[in-house]
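Colleague: Just a sequence and a predicted model for now, questions to come.
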Amino acid sequence: MKTVAAFDRIGEENAFAVLARANQLADEGRDIINLGIGQPDFPTPDHIVEAAVRALRDGHHGYTAATGIPQLRQGVAADLHRRLGVEVNPDNVLIVPGGKVTMFMAILMFGEVGGQIMYPDPGFPIYKSMIEFTGASPVPIPIREANEFGVAAEDVLDQITSATRLIILNSPGNPTGGVTRKDQIDQLVDGLEAFPHVAILSDEIYGQMLFDGLQHASLLNYPQIRNRLILLDGWSKTYAMTGWRLGYSVWPDDLYDKARKLAVNSYSCVNAPAQWAALAALEGPQTPVHDMVAEFDRRRRAVVAGLCGIENISCTTPGGAFYAFPNISNTGWKAKALAAALLEEVGVATVGGPDFGDMGEGFIRLSYANSLENIERALARIGDFLSKRSSTSG
Ligand code: PLP
């Protein structure tokens, strides 16, 4: 069937293809260690699961408002106030089925032929995929190892043109774990004053996963851009709830109703018991979040130390999220070929850097959402493989 041309341009997320191949190999009896997928390996905390069960028993079986239940919108505003000290009106909060939905809506709102949208490279692959789907031109913001994978303000400001419609930022970032420094955000926001026609989408889904005492520098903290800032956040990573499909966004007044209409025209509302569970997540004890982040920190140290101990690999210490992005360019392998060989030959699933953008060549992504024991086994396999195959050009 012939469909619209936009489908010739839509992309996807290769991490899911890696997962499928890893599962296939595991089903064939291979011992696979999965460092490929971007989701916490922890269960959703019990009190959150219980809240969903209770909601079902209490009869929350019907549609809710398209924007989300009012209690949850208020809960999100209260949580943002508690964490970031910002005032957010619950009327600007939209409950959505997963963080991805906010980027989908925002890119649909600003992407059209003739327009430009800036996105991080390497970055979450859906940004570029959706930009191209809309017909807009994707303009990469280089995410450099030399900047510890944070955004440099001038790399953004220097590329703004009269055609720029939207700038997408993501800190802490996928796939690098890099955190954009606050002085760079300050400089960026100052510079944006000269470009009032440009909207900003800040993807802060890893905002509570920070290490070494780093504080989350949310774009919400800059009142001068609030009238053109879209915040993307959600429960998937913070509360280990990827399968629940829950997220939220904060929209400026004049965009909110457009986002609501996209909701009404597509999914109607987020599943009702999941929304009650989301409220329990925000209002209940935060110890499970802190414990999970502490465990990620232990693994992060092990991953970085282990990778740096492998000949021809170096690894910048990530400041957030649960990814390491080692530089493998001295191994003689191309990144995707190395990721494929590690999976096929030694059973370690990772994702090649180019799956996150052209600037990802020379790197692979390891997600340390796996046990310390498995991480250590995987690192031993990678080291062993490269010691035998380092000079092979992939
Ligand atoms: N934004 C980033 C940077 C991500 O890495 C992900 C998921 O991997 C998402 C958004 C999407 O999150 P969700 O699963 O809630 O749609």
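Modeller: Sure thing, it's come through. Numbers count the residues shown, from 1 in each chain.
Colleague: Please, which helix or strand holds D190?
Modeller: Under the criterion of DSSP states H and E, D190 resides in helix 182-192.
Colleague: C-terminal to that helix, what's the next element?
Modeller: Moving toward the C-terminus from helix 182-192, the first helix or strand encountered (DSSP H and E) is strand 199-203.
Colleague: Summarise which helices and strands that next one is packed against.
Modeller: Using 3 or more CB pairs under 8 Å, 6 or more residues apart in numbering; DSSP states H and E as the contact criterion, the secondary-structure elements in contact with strand 199-203 are helix 99-110, strand 164-170, strand 229-234. To be clear about C-beta, it is placed using only N, CA and C from the backbone, and glycine gets the same treatment.
Colleague: okay, the angle between the last one and strand 164-170?
Modeller: For strand 229-234 and strand 164-170, the angle between their directions (axes from the mean of the first three to the mean of the last three CA atoms, to 10 degrees) works out to 30 degrees.
Colleague: so how far is strand 229-234 off the chain centroid?
Modeller: How far strand 229-234 lies from its chain's middle: 11 Å, per CA atoms, centre = their mean, to the nearest Å.
Colleague: do the longest one as well
Modeller: With CA atoms, centre = their mean as the basis, helix 99-110 stands 14 Å off its chain's centre.
Colleague: For that helix, give me every contacting residue.
Modeller: By CB atoms under 8 Å, 6 or more residues apart in numbering, the surrounding residues in contact with helix 99-110 are 94, 96, 117, 124, 126-127, 130-131, 133-134, 136, 165-166, 168, 199, 201, 203, 205, 230, 232-234, 236, 247-249, 255, 258-259, 262, 267.
Colleague: Close to the ligand: what parts of this structure are there?
Modeller: With CB under 6 Å from any ligand atom as the criterion, the chain meets the ligand at residues 38, 98-100, 124, 170, 174, 203, 205, 234, 236, 242, 247.
Colleague: How is this structure divided into domains?
Modeller: Annotated domains of the chain cover 5-43+287-388, 47-283 [automatic domain parsing].
Colleague: Adding mean neighbour count and mean pLDDT, write these out as CSV.
Modeller: As requested, the domains of the chain are exported to CSV (neighbours: other CB atoms under 10 Å; pLDDT from 0 to 100):
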stretch, mean neighbour count, mean pLDDT
domain 5-43+287-388, 19, 95
domain 47-283, 19, 98
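Colleague: mind checking which helix or strand the nearest residue to I69 once chain neighbours are set aside is in?
Modeller: Once its chain neighbours are removed from consideration, I69 has its nearest residue in Q275; the separation is 5.1 Å (CB to CB, 6 or more residues apart in numbering). Take DSSP H and E as the rule and Q275 turns out to sit in helix 272-283.
Colleague: Name the surrounding residues that touch that helix.
Modeller: Where contact means CB under 8 Å, 6+ apart, the residues beyond helix 272-283 that reach it are 44-45, 47-56, 60-64, 68-69, 71-72, 75-76, 78-79, 95, 235, 238-239, 241, 244-246.
Colleague: so of those, which ones are in helices?
Modeller: 47-56, 71-72, 75-76, 78-79 (DSSP state H).
Colleague: okay but F211 is in contact with R298, surely?
Modeller: No - with the criterion set as CB atoms under 8 Å, F211 and R298 do not qualify as a contacting pair; they are 10.2 Å apart.
Colleague: Skipping adjacent residues, who's closest to the residue nearest the centre of the chain in space?
Modeller: With the centre of the chain defined as its mean C-alpha position, the nearest residue by CA atoms, centre = their mean is N174, 5.0 Å away. On the basis of CB to CB, 6+ apart, the spatially nearest residue to N174 that is not a chain neighbour turns out to be F124, at 5.0 Å.
Colleague: That neighbour contacts D203, correct?
Modeller: Yes - taking CB under 8 Å as the contact criterion, F124 and D203 are neighbours in contact, 7.1 Å apart.
Colleague: Between the two, which contacts overlap?
Modeller: Both F124 and D203 are in contact with M103, N170, where contact means CB under 8 Å, 6+ apart.
Colleague: give me every residue that touches the closest residue to Y267 other than its chain neighbours.
Modeller: Nearest in space to Y267, with sequence neighbours left out and distances taken as CB to CB, 6+ apart, is P97 at 5.7 Å. Contact partners of P97, counting by CB under 8 Å, 6+ apart, are R245, L246, G247, Y267, V270, N271.
Colleague: List the contacts of the nearest residue to P40 once chain neighbours are set aside.
Modeller: By the measure of CB to CB, 6+ apart, the closest residue to P40 outside its immediate chain neighbours is A240, 4.1 Å from it. A240 makes contacts with Q39, P40, F42, P43, T44, P45, P288, M292, as judged by CB under 8 Å, 6+ apart.
Colleague: try it again with 6 Å
Modeller: By CB atoms under 6 Å, 6 or more residues apart in numbering, the contact list for A240 reads P40, F42, T44.
Colleague: For G347, give its distance to the ligand.
Modeller: 23 Å (CB to the nearest ligand atom, to the nearest Å).
Colleague: which residues touch that residue?
Modeller: Taking CB under 6 Å, 6+ apart as the criterion, G347 is in contact with R30, D31, I32.
Colleague: I'd like the distance between it and D297.
Modeller: 26 Å (CB to CB, to the nearest Å).
Colleague: what's the answer for R389, then?
Modeller: Distance of R389 to D297, given as CB to CB: 32 Å.
Colleague: Could I have the CA atoms of stretch 276-295 written out in CSV?
Modeller: What follows is stretch 276-295, C-alpha atoms only, in CSV (Å, rounded to 0.1, in the frame of the first residue of the first chain):
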residue,chain,number,x,y,z
TRP,A,276,-3.2,6.5,40.6
ALA,A,277,0.0,4.5,40.8
ALA,A,278,2.0,7.6,39.5
LEU,A,279,0.5,9.7,42.3
ALA,A,280,1.6,7.1,44.9
ALA,A,281,5.1,7.2,43.4
LEU,A,282,5.3,11.0,43.8
GLU,A,283,3.7,11.1,47.3
GLY,A,284,5.1,8.0,48.8
PRO,A,285,8.6,7.3,50.2
GLN,A,286,11.5,8.3,47.9
THR,A,287,13.9,5.8,49.5
PRO,A,288,13.5,3.2,46.6
VAL,A,289,14.6,5.9,44.2
HIS,A,290,17.6,6.9,46.3
ASP,A,291,18.6,3.2,46.8
MET,A,292,18.3,2.5,43.1
VAL,A,293,20.5,5.6,42.3
ALA,A,294,23.1,4.5,44.9
GLU,A,295,23.2,1.0,43.3
